[in-house]
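Trainee: Attaching a predicted model along with its sequence, questions to come.
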Amino acid sequence: MILTAKHLIEKAGKHLGLSQQEIDYILKIDHEHVFDIVLDNGSTHKAYRVQHNNSRGPYKGGIRFHPQVDLNEVRALSILMSLKTAAVGLPLGGGKGGVAIDPRSLSETELEQLSRAYVGHLHPHIGPDTDIPAPDVNINSQIIDWMVDEYETITGDKSKASFTGKSIGKGGSFGREAATGRGGMIAIGEYLKLAGKNPSEMTFAIQGVGNVGAFFTKLAETELRARIVAVSDSQRTLVVKDFSNNKDFISLEGLKNRRKGLIDDLANSHVEFLDRDAILELPVDVLVLAALGDTVVKGNANMVKAPIILELANGPIDEDGFDTLTAKGTVIIPDIVANAGGVIVSHLEWLQNKAGESWSEEQVNEKLAEYMVAATREIYEYGKEHNIPLKQAALALAMKRLLESKKAK
């Protein structure tokens, strides 16, 4: 992953005409914290926090608890966070953290101990104006609440602004749960508007209907009036039997957003089940990738028929897949902007904590839309002006902003 991030930056840097010294600055990591956490059960686990760049503001990025977490992964993700916050115009830097552990193997008591121990080691290096961690893989609001409490106990800070992703009663923000899906919905809506297309006249297929994909699907239906004709989970694709008739569609309106059993709830006489990866080959107008990284690769990129792809997952198209799709004219709205809704609302949560305020969900959604619309317009206009794909446009704008902030310091 670190090699992919490096290659993307070097490629975008060449387009911008950057010197090797400027590219090296963007790749340079400010601080790496690597330590062990020993639990009362005797087990030892490697823990990490990488702080990439804070020229635009405090380091910002998630924490993940996963057995495959390692230093290279955390390094790459910290770099990508700096680029993401810069691409959408947030006054934040980039960081990332994690612990190499399967949290499902822990009791609730052990999980709390792990969470508090992570903060116990890192508290001198994080804080409301230094580094503001957030939830990532296998991290929920309860874990963040424990971390905030530990930070407050150690430092005396009562602002709750040391972490984002908290529960509502502990300083969390309304709108956070749906933020990534909503942000993606706003991005595709704005892109289609700029491209002169009407989302209500287009067919959508959503690969992955977990939390992010389910929120996106429901919001695309209710707010864009998009016609959803296929959804998939980790096992199956559910598709409208004949979506060329411009009538039948799959509706999530009125259904709760649930990770399990959602596809079964949507089944009716107008749909059929296909295998999991069939969704990638459907002749739809928009394919939304909301599941895992490296979904579209060299081996299957030529099978993708959708002319527009929205990257809601992190890195769902690998480098070979990107080159193949771009060569045949596929428009890819990049993850660096498309899935930035989560970090944008994290920033809004931090602002509320700093001001001692609590905003309504409507206020949060309005501010989220302002950021997403502006970022989508900027990469669209830059890409059009320079005749480059939107991903390269997003990276170029982010890198320019990082260099500008360095000069301004």
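Mentor: On my side now, so go ahead. Residues are numbered from 1 along each chain as shown.

Trainee: just checking, what packs against the helix or strand where T217 lies?
Mentor: Secondary structure from DSSP states H and E places T217 in helix 211-223. Here helix 211-223 touches helix 179-194, strand 203-207, strand 227-232, strand 286-289, going by 3 or more C-beta pairs under 8 Å, 6 or more residues apart in numbering; DSSP states H and E. Heads up, the C-betas are built off the backbone N, CA and C, glycines and all.

Trainee: Check the ones you listed for me and report the most buried one.
Mentor: Comparing the helices and strands packed on helix 211-223 by mean neighbour count (mean count of other C-beta atoms under 10 Å), strand 286-289 comes out on top with a mean of 29.

Trainee: what sits up against the helix holding T217?
Mentor: 177-178, 180-182, 184-185, 188-189, 199, 204, 206-207, 209, 226, 228, 231, 249, 251-253, 255, 257-259, 262, 288, 290-291, 312-313, 339 (C-beta atoms under 8 Å, 6 or more residues apart in numbering).

Trainee: TSV please, covering the helices and strands packed on helix 211-223 and showing mean pLDDT and distance to K28.
Mentor: Shown next, in TSV, are these (pLDDT from 0 to 100; distance: least, C-beta to C-beta, whole Å):
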stretch	mean pLDDT	distance to K28
helix 179-194	97	28
strand 203-207	95	35
strand 227-232	91	40
strand 286-289	97	31
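
Trainee: Longest strand in the protein, by number of residues?
Mentor: Ranked by number of residues, the top strand in the chain under DSSP state E is strand 44-53.

Trainee: pLDDT on it, on average?
Mentor: Strand 44-53 shows a mean pLDDT of 98.

Trainee: gap between the next helix or strand after that strand and the chain center?
Mentor: Following strand 44-53 in sequence order, the next helix or strand is strand 59-65 (DSSP H and E). Averaging C-alpha positions (C-alpha atoms, centre = their mean, to the nearest Å) puts strand 59-65 12 Å from its chain's average.

Trainee: Tell me which other helices or strands whichever helix or strand comes after strand 59-65 touches.
Mentor: Per DSSP H and E, the first helix or strand lying C-terminal to strand 59-65 is helix 71-87. If contacts are counted by 3+ C-beta pairs under 8 Å, 6+ apart, helix 71-87 sits against helix 2-16, strand 31-38, strand 44-53, strand 59-65, strand 94-99, helix 335-338, helix 341-355, helix 390-408.

Trainee: H121: which of these is closest?
Mentor: strand 31-38 (5.2 Å; C-beta to C-beta).

Trainee: Who are the contact partners of the spatially most central residue of the chain?
Mentor: Nearest to the geometric centre of the chain sits N339, at 4.0 Å (C-alpha atoms, centre = their mean). Listed by C-beta under 8 Å, 6+ apart, the contact set of N339 reads 180, 183-184, 212, 311-314.

Trainee: what sits against H270?
Mentor: Counting by C-beta under 8 Å, 6+ apart, the residues that H270 touches are 240-241, 248.

Trainee: In ChimeraX, select just the buried ones from those.
Mentor: What follows is the ChimeraX syntax selecting those of these that are buried according to 16 or more other C-beta atoms under 10 Å:
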select :240,248
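
Trainee: and the contacts of H270 as TSV, adding pLDDT?
Mentor: Formatted as TSV, the contacts of H270 follow (pLDDT from 0 to 100):
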residue	pLDDT
V240	88
K241	86
D248	75
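
Trainee: need the contacts of H270 in TSV with secondary structure, can you?
Mentor: Formatted as TSV, those follow (DSSP: H, G, I helix; E, B strand; the rest coil):
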residue	secondary structure
V240	strand
K241	coil
D248	coil
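
Trainee: All set now, cheers.
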